[in-house]
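1. below: sequence and its predicted model.
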2 protein chains.
Amino acid sequence: MRIDGERLNDNIQQLGEIGYRAGEGVTRLALGEEDMRARRWLEGRMQEAGLQVRTDAAANMIGRLPCGRPEADCVVIGSHLDTVPQGGRYDGALGVLAGLEVAQICRENGIQLPWDLEVINFTDEEGHHYAGTFGSRAMMEGARDEDLHRSRMEGVPTLAEDLRAVGVDPECLFQARRDPDGIRAYLELHIEQGSRMEEEGIDVAAVTGIVGIYRYQVTVEGEANHAGTTSMHDRDDALVKATLPIQLLPEWARARSDEMVATVGQVFVEPGAVNIIPARCDFTVELRSLESEDMARVRDRLHCWLAENDAGEMHTVFEKDGDLLDDELTDIIIDQGAAEDFAVARLPSGAGHDAQSFASCSVPTGMIFIPSRGGLSHCPEEYSEPEWVTAGGQVLLRSVLELARRDGQGSTVQPRCGD
Amino acid sequence: MRIDGERLNDNIQQLGEIGYRAGEGVTRLALGEEDMRARRWLEGRMQEAGLQVRTDAAANMIGRLPCGRPEADCVVIGSHLDTVPQGGRYDGALGVLAGLEVAQICRENGIQLPWDLEVINFTDEEGHHYAGTFGSRAMMEGARDEDLHRSRMEGVPTLAEDLRAVGVDPECLFQARRDPDGIRAYLELHIEQGSRMEEEGIDVAAVTGIVGIYRYQVTVEGEANHAGTTSMHDRDDALVKATLPIQLLPEWARARSDEMVATVGQVFVEPGAVNIIPARCDFTVELRSLESEDMARVRDRLHCWLAENDAGEMHTVFEKDGDLLDDELTDIIIDQGAAEDFAVARLPSGAGHDAQSFASCSVPTGMIFIPSRGGLSHCPEEYSEPEWVTAGGQVLLRSVLELARRDGQGSTVQPRCGD
């Protein structure tokens, strides 16, 4: 059995017109006008595909292909339609539309699955309002007050405000929460957002885990003084001191492992005048790795370096460990990809995804990556070839069918993969 | 003949109450309420001292002790009463009040000088409105349109607006300009604003020149990308690249000379998100030295480094060469200081001063420095001991009298220095 690759790619291009502006890519901020248009478009597609559509208390859109048994478990295929400002057509959209394609193919072929199949478009994965993966977290962990009522920056409404604006009562958010025990598995197809697959010629990857993120705020202090009258040997320049750890961090990360990354993305210098020696330099540090020990070691090196050089202080913003994905599902993805003669590999995910909300609640979770051209994402240049999209969708379909076969309990389904 | 050191120090403390707030030092922004109060206070003092007070078309306050000969040249002793926000009691104020003290002593002692003696409080030396040393430049070079109508930052009125608010018509500014040929000499007493004099036990210094300033804007470009999915070896991180020249600049400056300084005071990173690899890092470079060749060489090294490493571009904001002060006046200052048994030295000035406006127009210009405790200035901690103040004022008086003696042309004056 094969997905309809043309239909899937066509859907991606159609959806990609919503919020598109020439030169600026696609902008569908969560719960904004374009996102709501995309939701209405998706609702139509889901209905055409024969799915039962509803919106839950967190504004997540759920299209269900019921198996007919009351109290049946479900398998969820999810991702999101919202984008970052001036983003691309693939991040998120691919996963939702591939789920729709899989459900549609199953229905069209009269496949009797041993569980309900749900295709979900989660609310605000990109964190337009505050933190990311809001909808999937509301479903699995419950919503947090800070997510609802804190704004990411001035001018951005709170989630509570935007939920109300689209007719969802934030007071009832708790109703979105679901029992992980009722979810047999979670699957998500996504673009890699890195360049490794393309560089190494990998067609389809099974994600081994979603990296943890440790974030810190570092303050290096010096002494402000007149940039003209203070000789070089009398200076205590906070910026010059701060350049050293900013250079060392990438080296320390590389020394730990190939998978680990370390980034300084924000720097602020005070007083910040062209003719005053910097008294203070604040910068952010973000570490990512599947291995918490790697992040802890680099954190400790930075901490020691700052202490030994009496150079400053670091403050922990948060330390979130990585989530390993399900071995069985990962094996299924690899096997199904190999059966299609795709070049397959196991890779960690450096970015967070809705899948993480399920994995961290012990729902068996699997993720499939297809390559991103040039590793680019969150930008108008984001692109994946139609054949890559089709390959990813096909492996997703095969994985659902293989899981169904294993769960079949002697029931009706014996899909013949590879047809 | 001696100045009245007690009166001079008392005047400094009285003036230092205007705009003073506990913990925040002195704030007298040019032409603001506190500056205008200081001007009214100074006007009273000048009148008590028997000077003829007027305000010119650039709002410079001029107190004149006439020699009685029409068409006589004049000697100017000047500085400024305005301060930076949260500044100190000495920067600028010392020079104006020492000039007042010298004029008052001359008058009290019936000294007949061979020229008019003018004590001037120049407008906006600190550059509150836009560029610095506005009043002295308006007097010597003429005012530039950009000085008048450009605001330093949002919320700060333009000079034209503030001049109008205090009753000065900016259209008539050209009337402030004076013929350098009519000015026999310019003298200014100022605090060092560095720590060298205190460290080396120098009581009084003659300034050999005012350093030049070369300013640049450097842009280092990289590629923005996802901080989680882009492996360390795939990155082109503009910030990490920029740290190298920021570290090298101080070394290059030190390698040229002990007097040279190089400062990076502003850094901006784009897009400036904690989870995005920096695509661009902009920073300012300021070089100061009496020797233009030193600045040019460091500029060229930076330029070559950026080109060789394909790291970015630099844009010249301005290149202003240093101004050497007058040898005769410098020798007089050294001799008069030595005659008082002070430890004297010749030093360059790392900061700009009103003196520079005169020196650059070929007016014979001399500057006297006294030590700044801890090298601190432009801050509430700015301090010079009363005996240092008196020493500086005494050398200023002796220098005026010595110049008068040399210019005496057989006229009446034969002041006995050291009385």
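-> In hand now; what should we look at?
2. need the contact list for A:Asp124.
-> A:Ala30, A:Leu31, A:His80, A:Asp82, A:Gly132, A:Thr133, A:Phe134, A:Gly135, A:Leu159 (CB atoms under 8 Å, 6 or more residues apart in numbering or on different chains). For the C-beta atoms, the positions are set from N, CA and C on the backbone; glycine is no exception.
3. can we see that at 7 Å?
-> A:Ala30, A:Leu31, A:Asp82, A:Phe134, A:Gly135, A:Leu159 (CB atoms under 7 Å, 6 or more residues apart in numbering or on different chains).
4. how about the nearest residue to the third one, chain neighbours excluded?
-> Meaning A:Asp82. Nearest residue to A:Asp82, sequence neighbours excluded (CB to CB, 6 or more residues apart in numbering or on different chains): A:Ala30, at 4.0 Å.
5. over to the last one?
-> Nearest residue to A:Leu159, sequence neighbours excluded (CB to CB, 6+ apart): A:His129, at 4.2 Å.
6. report the central residue of chain A.
-> Taking CA atoms, centre = their mean, the centroid of chain A lies closest to A:His353, which sits 2.4 Å from it.
7. backbone dihedrals for that residue, both of them.
-> Taking degrees, to the nearest 10, you get phi -150, psi 170 for the backbone angles of A:His353.
8. surely it touches A:Ile210?
-> Yes: with contact defined as CB atoms under 7 Å, A:His353 reaches A:Ile210; the gap is 6.2 Å.
9. so what's the residue count around the residue nearest to A:Asp82?
-> 25 (other CB atoms under 10 Å in any protein chain shown).
10. re earlier: between all of the contacts of A:Asp124, which two are separated the most?
-> A:Asp82 and A:Leu159 (12.0 Å; CB to CB).
11. OK, contacts around A:Gly95?
-> So A:Gly95 contacts A:Gly78, A:Ser79, A:Glu188, A:Leu189, A:His190 (CB under 7 Å, 6+ apart).
12. kindly reformat those residues as CSV and extend each row with neighbour count, distance to chain B and secondary structure.
-> Formatted as CSV, the contacts of A:Gly95 follow (neighbours: other CB atoms under 10 Å in any protein chain shown; distance: CB to the nearest CB, whole Å; DSSP: H, G, I helix; E, B strand; the rest coil):
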residue, neighbour count, distance to chain B, secondary structure
A:Gly78, 29, 19, strand
A:Ser79, 27, 16, strand
A:Glu188, 32, 15, strand
A:Leu189, 29, 16, strand
A:His190, 26, 10, strand
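13. what is the nearest of those residues to A:Cys281?
-> Checking the contacts of A:Gly95 against A:Cys281 with CB to CB, the nearest one is A:His190 at 36.4 Å.
14. let me know the helix or strand that the closest residue to the closest one other than its chain neighbours is in.
-> Among residues not flanking A:His190 along the chain, A:Gly95 sits closest, at 5.4 Å (CB to CB, 6+ apart). Using DSSP states H and E, A:Gly95 maps to helix A:93-108.
15. name the residues of that helix that are buried.
-> A:93-106 (16 or more other CB atoms under 10 Å in any protein chain shown).
16. distance from the chain centre to that helix, please.
-> Distance, stretch centre to chain centre, for helix A:93-108: 19 Å (CA atoms, centre = their mean, to the nearest Å).
17. and the helix or strand hosting A:Ala205, which strands flank it?
-> Element membership for A:Ala205, per DSSP H and E: strand A:204-210. Strand A:204-210 has the following strand partners under DSSP bridges: strand A:323-324 (antiparallel), strand A:344-349 (parallel), strand A:365-370 (antiparallel).
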